[in-house]
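Novice: Prediction below, plus the sequence it came from.
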Amino acid sequence: DGGITQSPKYLFRKEGQNVTLSCEQNLNHDAMYWYRQDPGQGLRLIYYSQIVNDFQKGDIAEGYSVSREKKESFPLTVTSAQKNPTAFYLCASSMLVGGESTFGSGTRLTVV
Amino acid sequence: QKEVEQDPGPLSVPEGAIVSLNCTYSNSAFQYFMWYRQYSRKGPELLMYTYSSGNKEDGRFTAQVDKSSKYISLFIRDSQPSDSATYLCAMSAPRNQGGKLIFGQGTELSVKP
């Protein structure tokens, strides 16, 4: 079955550490996205990529980094520069930017 | 002012009720309109997708778009407890404005048996 796989489902990080969230899709989609969701809020765009080896900052990119070396993969690194990283992180993909998006099941990151 | 405004609720209705969920937007260039359903601790799933003014029906769900008023709605008929979730509206900007999806903050719906 085609879909998006995010791992891990739960992640705990100590302050000052970088962590990397995995996102893999087998839908053959060109565009991929990372969103952050906080309680009672909608989705805020962190980074997106329209094509391999290219990505753009979203609305809240500070403290995050991404890479897109393969079409299927779009990992997100939450760096120590991110002041308030505890949140639910969602990865998505679509055929083209702005199209119908398919979401992964999310990674819940907690800073301890 | 946010580009997309959505009443966060929470909204509580009895089973069998008709539910109306709404979003307003400010950018008249938005082209595509979507509704996603998100169960607790899960990723959103696409419910409805439309690109023109008017109604689109799928089972118990009807999506309505009024571009002149910059207003979209999702109606749920004969609501069921399994419809209890957060509903997010989303709109896509045109390519010359980045083409990204802009989400509302979501409306939390609870359908009581």
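Specialist: Arrived safely, thanks for sending.
Novice: Tell me which residues of stretch B:69-76 come out buried.
Specialist: B:70, B:72-76 (16 or more other CB atoms under 10 Å in any protein chain shown). Every residue, glycine included, has its C-beta placed from N, CA and C.
Novice: Put the alpha carbons of that stretch into PDB.
Specialist: Output of stretch B:69-76 as PDB, limited to C-alpha atoms (Å, rounded to 0.1, in the frame of the first residue of the first chain):
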ATOM      1  CA  SER B  69     -17.900  35.800  -0.100                       C
ATOM      2  CA  LYS B  70     -14.600  34.000   0.500                       C
ATOM      3  CA  TYR B  71     -16.400  31.400   2.600                       C
ATOM      4  CA  ILE B  72     -16.300  27.700   2.600                       C
ATOM      5  CA  SER B  73     -18.400  25.200   4.600                       C
ATOM      6  CA  LEU B  74     -18.500  21.500   5.400                       C
ATOM      7  CA  PHE B  75     -21.900  20.000   6.200                       C
ATOM      8  CA  ILE B  76     -22.200  16.600   7.900                       C
END
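Novice: any chance of the buried residues of stretch B:69-76 in TSV, with pLDDT too?
Specialist: Converted to TSV, these look like this (pLDDT from 0 to 100):
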residue	pLDDT
B:70	94
B:72	96
B:73	96
B:74	97
B:75	97
B:76	97
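Novice: If we only consider those residues, which is nearest to residue A:23?
Specialist: The closest of the buried residues of stretch B:69-76 to residue A:23 turns out to be residue B:74 (CB to CB; 27.7 Å).
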